[in-house]
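K.L.:
Curious how this folds, go ahead:
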Amino acid sequence: MSLKAQITEDMKTAMRAKDMERLGTIRLLQAAIKQKEVDERIVLEDDAAIVAVVDKLIKQRKDSITAFEQANRQDLADKEKAEMAVLQVYLPERMGEAEIAAAVQAIAAAFEAENGRKPAAPDMGKIMGAAKAQLAGKADMGQVSAAVKAVLAG
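P.N.:
Alright, predicted model coming up:
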């Protein structure tokens, strides 16, 4: 079953169970998917595109949680955390820090072989572009960025 179909089934299940918080979050996700389809005039069929939308929504939740906690609004931060928990169900298993570091090392080695020199700080964009293409949906891009910075510094 595709991820899009799974989301629709989960929405139906939440409706039957009268789980309003879960239902609201799933509807929010479906609205984000529909918005992307309308904006880009495409139909999102592959799971990678859906995972990208889920990733974006989770990043928004993380930013909101940080802002709400700084403003001492724990009630709103808790609501965002609950939404984030529902959204994380739709993400594939994430890579660990060691796996991310190994993948970034491999990308840096490929860059070195291609250009005949070690990657330096100005090459961060090129390395991140290659890492994003290879690791999108599999790893938290914040962790990937930290790993790239560590490789470039070392």
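K.L.:
Before we move on, what's the pLDDT of the residue positioned nearest the centre of the chain?
P.N.:
When Cα atoms, centre = their mean is applied to the chain, the residue found nearest the centroid is D55 (2.6 Å). Per-residue confidence (pLDDT) for D55: 89.
K.L.:
Please apply the same query to K118.
P.N.:
At K118, the predicted lDDT confidence score is 86.
K.L.:
For burial, what's the neighbour tally of it?
P.N.:
Other residues near K118 come to 13 when the count uses other Cβ atoms under 10 Å. Heads up, the C-betas are built off the backbone N, CA and C, glycines and all.
K.L.:
Isn't it up against E112?
P.N.:
Yes - the pair K118 / E112 is scored as a contact, 5.5 Å apart, by Cβ atoms under 8 Å.
K.L.:
who does the lengthiest helix in the chain touch, helix- and strand-wise?
P.N.:
Ranked by number of residues, the top helix in the chain under DSSP state H is helix 47-70. Helix 47-70 sits against helix 3-17, helix 20-40, helix 74-88, with contacts defined as 3 or more Cβ pairs under 8 Å, 6 or more residues apart in numbering; DSSP states H and E.
K.L.:
Redo those as JSON lines? Include mean pLDDT.
P.N.:
Shown next, in JSON lines, are the helices and strands packed on helix 47-70 (pLDDT from 0 to 100):
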{"stretch": "helix 3-17", "mean pLDDT": "96"}
{"stretch": "helix 20-40", "mean pLDDT": "96"}
{"stretch": "helix 74-88", "mean pLDDT": "96"}
